[in-house]
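Student: How does the following fold in three dimensions:
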Amino acid sequence: MGIDAVNLSRIDLNLLVHLGALLTERSVTRAAARVGIGQSAMSHNLARLRELFSDELLTRGPAGMRLTPRAAILFEPVQAMLAQVEALVSRERAFDPATAVRTFRFGLPDSMEILFMPSLLARMREIAPGIHLRLYNFDASRLLDDLDSDEMDIAIGYDAFQQGQVHHKRRKLFTESYLCMFNAEKTGITAPISLEDYVRIPHVLTSLRPGRSVRGIVDEALDKLGLTRSIALTTPRFLTVPSLVARAPVIVTIQSRLARRFAAELGLSLSPLPVELREVTVSLLWHASYDHDPAHAWLREQVAQLAAEL
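Tutor: Model (predicted):
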């Protein structure tokens, strides 16, 4: 749907700045101070906003002013819109993480969320408390389109990122190998796992690919040896894998950094693989239009630093 410029021109868009302050502060006095106007002027703007939205927006309660249900619904989209406008007009200005207010939309599988986000969130709260991270479990088939249409700011993922056009920018973070993870008591085996046991014991397969018949790189490697494995369960979610392996006589072939973290937390066993698998590359991906955006460049550097620490 196109923008109705005529209808939009009838609205004083500066009112939305005042609305954001009122929704945040829940006080006419504090909202006025926040945007640098007098209390009477803010009261007048609140009256205009009430008329615009046909709602009281703020009402008096026992503990002071409180949001109406309509105002509560407006709070998040108004804050997001103001952050986007701020980012739009200040892209070329100096970036100060301590005072910046902005939302970044990340596309990443849950395996990367497990590895990166706890540390990144902790870092953001310490040095950039106004930065909001919104995470999406991206659809690989739509990822480039989402970047092109500005539905996503940045993505973290595996080798599939090798595709793309010149305006799809990429930064390698690290290469990843694989380990076999299992419950030694449930499976009755110990490391190093033999090729015979590797094909004998059922596997858990993690895959983001749709479709009824899903094959992984392990199956391709076994094909070369004239062997096949049994798949007990296929899941797109890495987060469930350690619980599955801990409770059942199955094994999983999983990226080494995740494997070490899961094994340490649940007391699972690890083994080198009895088949040779190629390493995969984990990379950042973003649109070239954000190359020189100071905030975006700063965030990419934070992610790269965390990758080095992994």
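Student: pLDDT weak spots in the stretch 1-150 of the chain?
Tutor: For the stretch 1-150 of the chain, the stretches with pLDDT under 70 are 1-11, 86-93.
Student: which residues in it form helices?
Tutor: 5-9, 14-25, 28-35, 39-53, 69-90, 110-127, 143-148 (DSSP state H, counting those that start in this stretch).
Student: Which one, of the ones you listed, ends up nearest to Pro294?
Tutor: Within the helices of the stretch 1-150 of the chain, the stretch nearest Pro294 is helix 69-90; the backing value is 8.8 Å (C-beta to C-beta). C-beta here means a position set from N, CA and C on the backbone, and glycine is covered the same way.
Student: which other residues reach the closest one?
Tutor: Residues outside helix 69-90 that contact it (C-beta atoms under 8 Å, 6 or more residues apart in numbering): 16-17, 19-20, 23-24, 53, 55, 57-58, 67, 101-103, 132, 293, 295.
Student: what's the burial count for Phe174?
Tutor: If you count neighbours by other C-beta atoms under 10 Å, Phe174 ends up with 15.
Student: Excluding covalently adjacent residues, which one is nearest to Lys186?
Tutor: Spatial nearest neighbour of Lys186, excluding adjacent residues (C-beta to C-beta, 6 or more residues apart in numbering): Pro249 at 4.4 Å.
Student: so what's the backbone phi/psi at that neighbour?
Tutor: Dihedral pair for Pro249: phi -80, psi 70, per degrees, to the nearest 10.
Student: and if you look at the one 3 residues further on?
Tutor: Here is the backbone geometry of Val252 (degrees, to the nearest 10): phi -140, psi 140.
Student: How about His203?
Tutor: With angles defined as degrees, to the nearest 10, His203 sits at phi -110, psi 150.
Student: which ones are touching it?
Tutor: Val218, Arg229, Ser230, Ile231, Ala232, Val250, Ile251, Val252, Thr253.
Student: Check the gap between the residue nearest to Leu49 when sequence neighbours are not counted and Val214 for me.
Tutor: Using C-beta to C-beta, 6+ apart and skipping the chain neighbours, the partner closest in space to Leu49 is Leu19 (5.4 Å). Noted for Leu19: a distance of 48 Å to Val214, by C-beta to C-beta, to the nearest Å.
Student: So which of those two has more stuff around it?
Tutor: Using other C-beta under 10 Å as the criterion, Leu19 and Val214 rank with Leu19 on top: 25 against 15.
Student: now that one: how far from Leu58?
Tutor: To Leu58, Leu19 is 10 Å away according to C-beta to C-beta.
Student: can you list contacts of the helix or strand harbouring Thr234?
Tutor: According to DSSP states H and E, Thr234 maps onto strand 231-235. Applying C-beta under 8 Å, 6+ apart, the contact partners of strand 231-235 are Pro202, His203, Val204, Leu205, Thr206, Ser207, Val214, Val241, Leu244, Ala248, Val250.
Student: from these, which has minimum pLDDT?
Tutor: Comparing pLDDT over the contacts of strand 231-235, Val214 scores lowest. The value there is 70.
Student: Double-check that that residue belongs to a helix.
Tutor: No - Val214 is assigned coil when assessed by DSSP: H, G, I helix; E, B strand; the rest coil, not a helix.
Student: ok, back up a step: for the helices of the stretch 1-150 of the chain, which one sits closest to Arg300?
Tutor: Comparing the helices of the stretch 1-150 of the chain by C-beta to C-beta, helix 110-127 comes nearest, at 11.5 Å.
Student: what comes into contact with the closest one?
Tutor: Under C-beta under 8 Å, 6+ apart, the answer for helix 110-127 is 97-98, 108, 131, 133, 135, 137, 156-157, 206, 237-239, 255, 257-258, 261, 282, 302-303, 306-307, 309-310.
Student: List only buried entries from these.
Tutor: Applying 16 or more other C-beta atoms under 10 Å to these, the neighbour count classes 97, 108, 131, 156-157, 206, 238, 255, 257-258, 282, 302-303, 306-307 as buried.
Student: Tell me the one among those nearest to Arg34.
Tutor: The closest of the buried ones among the contacts of helix 110-127, once distances to Arg34 are taken by C-beta to C-beta, is Ile131, at 19.3 Å.
Student: What about the nearest residue to the closest one once chain neighbours are set aside, how many residues nearby?
Tutor: Spatial nearest neighbour of Ile131, excluding adjacent residues (C-beta to C-beta, 6+ apart): Met124 at 4.9 Å. Neighbour count of Met124, defined by other C-beta under 10 Å: 19.
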